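Peer 1: Turn this into a structure:
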Amino acid sequence: MQNEFPEGPPGIHPPTAGLARMFRYKNILNPITGKPFSEAFLLGVGGGLDAAYILFQFKHLPHPILVLGFRNQWNQTEFFLENLTSRLNMVVQFNTFDDDRSAEKALQETIKKGNPPIVWVDKACLPYHQFPSTMQGLTNHQVVVYGRDAKLWRLYLDDMSSQPLEIREKAFTKARANLSQNNYLSMVLDRADSLHERDLQKAIIEGVQECTVRLTRPIKTIGISNLTNWAEKMIDHHNRQGWPQVFRDRKGLFPALIAIYESIKLNGTGGFALRKLYSDFLQEAAEIINNPALNAVAGQYLQLSNHWSGLADNALPSKIPVFDRAKNLLNKKYKVYREGDLKSYHDTTKDLDELKAKIAPGFPLDNEQVNQLFTRLSGQVKLIAELEMSAALRLRDLSRRW
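Peer 2: So this is what the prediction gives:
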């Protein structure tokens with residue numbers, strides 16, 4: 001049994017994109033505009049932005065793993081979606097299961113009822129993504145399951161592509177099981193209760209206030225302070241967590257620079273670390289709550305989106321031919337995936353892997369050039385942190401007057 005795959009673009013950020021398409025599928029509309037909820041609006045109501053930086057160094061990995069997060073509750077999507085749906089008067093169920101069999105059976109019943117769920121998976125275990133096995137257990141991801149072929153034991157997913165993606169049911173269950181902390185987590189939308197203009201205004205205010213609290217907390221592991229921490233680590237020659245120490249032999253540096261580019265521009269962020277999407281939300285919110293001052297803050301986040309994009313580009317300077325080729329391959333890889341062209345996606349992934357293997361034995365920059373690169377990137381991250389704080393404080397001041 002297969003439900004109709006939703007029309008429209010694949011979206012930008014997995015949980016908000018999946019929810020927006022689910023709303024369209026169920027004909028849940030913005031009560032003020034009479035149109036589908038935009039993904040930008042869902043991001044803002046859910047709590048908006050964050051700024052996360054973690055550099056994992058595990059002995060079993062071939063190189064350090066850089067993780068950047070840009071959405072509020074970036075590593076706890078269940079809480080983000082719980083806040084978002086609650087503010088929009090949606091009745092949802094978050095379901096967990098003890099074993100493969102009960103998880104599969106519940107999923108089959110939900111699909112049969114015509115109620116496609118959002119399901120948590122290990123992205124590296126989804127075969128069509130072609131992640132290396134070393135990445136398994138590190139990438140929490142959400143997809144929407146729209147259909148099942150009972151004869152072939154296959155599922156059909158909405159996973160940031162314009163076309164449904166087909167996967168064997170057992171492989172999908174493995175991807176759910178591989179992140180044991182999730183306990184086969186899924187979210188089902190039961191119903192949408194009445195939502196009035198005042199409810200929508202309250203949802204906006206709560207989302208904005210949550211965002212500003214998160215961004216401005218003076219803790220080095222949370223919000224904008226985390227960016228300052230990252231800027232310092234990139235030029236710290238004495239701390240063992242400092243980039244000059246971690247990458248002193250340049251091993252693993254190329255994947256880290258790719259991660260900066262990919263995380264900011266391509267991997268579920270709309271090209272601008274979600275800042276442009278949040279700017280769009282603030283413009284929508286300004287009209288709904290009749291507060292034109294929000295448009296000025298939207299302009300600040302639009303400016304920030306360009307700074308983030310510049311940071312991504314400068315992480316792989318185009319004057320270095322292999323870096324320029326890497327960016328072109330990354331851009332192509334995400335483009336053809338979103339278009340549903342999996343053959344080109346797999347071919348491009350192979351080309352990118354070959355380029356990484358070629359660079360591994362001989363990084364194209366010497367130690368002095370690497371230190372210069374770290375200094376430039378650190379300066380950009382520091383500037384971004386200052387601009388982020390200015391925007392967040394201005395938004396906080398506005399929200400306190402509501």
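Peer 1: In terms of helices and strands, where is Ala20?
Peer 2: Element membership for Ala20, per DSSP states H and E: helix 14-25.
Peer 1: Residues contacting that helix, please?
Peer 2: 3-4, 6-8, 10-11, 29, 36-39, 42-43, 46, 77, 80-81, 84-85, 116, 118, 141-144, 158-160, 189, 268 (C-beta atoms under 8 Å, 6 or more residues apart in numbering). (C-beta placed from N, C-alpha, C; glycine too.)
Peer 1: Pull out the buried members of these.
Peer 2: When the contacts of helix 14-25 are checked for burial by 16 or more other C-beta atoms under 10 Å, the buried set is 3, 6, 10-11, 36-39, 42-43, 46, 77, 80-81, 84-85, 116, 118, 141-144, 158-160, 189, 268.
Peer 1: Can you give me the end-to-end span of stretch 313-331?
Peer 2: Using C-alpha to C-alpha, to the nearest Å, the end-to-end distance of stretch 313-331 comes to 12 Å.
Peer 1: Output the contacting helices and strands for the top strand by length along the chain.
Peer 2: As assigned by DSSP state E, the longest strand anywhere in the chain is strand 140-149. Judged by 3 or more C-beta pairs under 8 Å, 6 or more residues apart in numbering; DSSP states H and E, strand 140-149 is in contact with helix 14-25, helix 100-112, strand 118-122, strand 154-158.
Peer 1: Give me the subset of the buried ones among the contacts of helix 14-25 that lies in helices.
Peer 2: With helices taken from DSSP state H, the overlap with the buried ones among the contacts of helix 14-25 comprises 39, 42-43, 46, 77, 80-81, 84-85.
Peer 1: low-scoring stretches of the stretch 151-300 of the chain, by residue?
Peer 2: Applying pLDDT under 70 to the stretch 151-300 of the chain flags no residue at all.
Peer 1: Enumerate the strands of it by residue range, in sequence order.
Peer 2: For the stretch 151-300 of the chain, the strands defined by DSSP state E, counting those that start in this stretch occupy 154-158, 165-168, 186-192.
Peer 1: And for the first one, what's in contact with it?
Peer 2: Judged by C-beta under 8 Å, 6+ apart, the contacts made with strand 154-158 from elsewhere in the structure are 2, 5-6, 10, 18, 21, 116, 143-149, 164-169, 172.
Peer 1: out of these, which are buried?
Peer 2: Among the contacts of strand 154-158, those buried by neighbour count (16+ other C-beta under 10 Å) are 5-6, 10, 18, 21, 116, 143-148, 164-165, 167, 169, 172.
Peer 1: related to what we said a few turns ago, looking at the strands of the stretch 151-300 of the chain, which is nearest to Ala106?
Peer 2: Closest to Ala106 of the strands of the stretch 151-300 of the chain, according to C-beta to C-beta: strand 186-192, at 7.5 Å.
Peer 1: For that closest one, name the packing helices and strands.
Peer 2: Strand 186-192 sits against helix 77-87, strand 90-95, helix 100-112, strand 118-122, with contacts defined as 3+ C-beta pairs under 8 Å, 6+ apart.
Peer 1: what pairs with it, and is each one parallel or antiparallel?
Peer 2: In the sheet, strand 186-192 lines up against strand 90-95 (antiparallel), strand 118-122 (antiparallel) (DSSP bridges).
Peer 1: distance between stretch 179-187 and the chain's centre?
Peer 2: The chain centroid and the centroid of stretch 179-187 are separated by 18 Å under C-alpha atoms, centre = their mean, to the nearest Å.
Peer 1: sorry, that was for stretch 367-377
Peer 2: Its chain's average C-alpha position is 28 Å from that of stretch 367-377, according to C-alpha atoms, centre = their mean.
Peer 1: Also stretch 266-281?
Peer 2: 9 Å.
Peer 1: Check stretch 123-137 too.
Peer 2: With C-alpha atoms, centre = their mean, you get 16 Å for stretch 123-137.
Peer 1: Then stretch 297-317?
Peer 2: What separates the centre of stretch 297-317 from the centre of its chain is 16 Å, taken as C-alpha atoms, centre = their mean.
Peer 1: buried ones in that stretch?
Peer 2: Applying a neighbour-count criterion of 16+ other C-beta under 10 Å, one finds 297-298, 300-302, 304-305, 307-309, 311-317 buried in stretch 297-317.
Peer 1: Likewise for stretch 218-234?
Peer 2: For stretch 218-234, by 16+ other C-beta under 10 Å, it's 222-234.
Peer 1: Then stretch 13-29?
Peer 2: Applying a neighbour-count criterion of 16+ other C-beta under 10 Å, one finds 13-25, 28 buried in stretch 13-29.
Peer 1: cool, stretch 44-63 as well?
Peer 2: Neighbour counts over stretch 44-63 (16+ other C-beta under 10 Å) mark 44-53, 55, 63 as buried.
Peer 1: most packed of the strands paired with strand 186-192?
Peer 2: Stretch with highest mean neighbour count among these: strand 118-122 (a mean of 25; mean count of other C-beta atoms under 10 Å).
Peer 1: Thr375 contacts His237, correct?
Peer 2: No - counting by C-beta atoms under 8 Å, Thr375 stays clear of His237, with 11.2 Å between them.
Peer 1: between the strands of the stretch 151-300 of the chain, which one is nearest to Lys251?
Peer 2: Among the strands of the stretch 151-300 of the chain, if distance is taken as C-beta to C-beta, the winner is strand 165-168, at 34.3 Å.
Peer 1: partners of that closest one, with directions?
Peer 2: strand 154-158 (antiparallel).
Peer 1: count of residues packed around Glu339?
Peer 2: 14 (other C-beta atoms under 10 Å).
Peer 1: For it, which non-adjacent residue is closest in space?
Peer 2: Of all residues not flanking Glu339 in the chain, Ser162 sits nearest, at 5.9 Å (C-beta to C-beta, 6 or more residues apart in numbering).
Peer 1: Pro10 is in contact with the one you found, correct?
Peer 2: Yes - between Ser162 and Pro10 there is a contact under C-beta under 8 Å: 5.3 Å.
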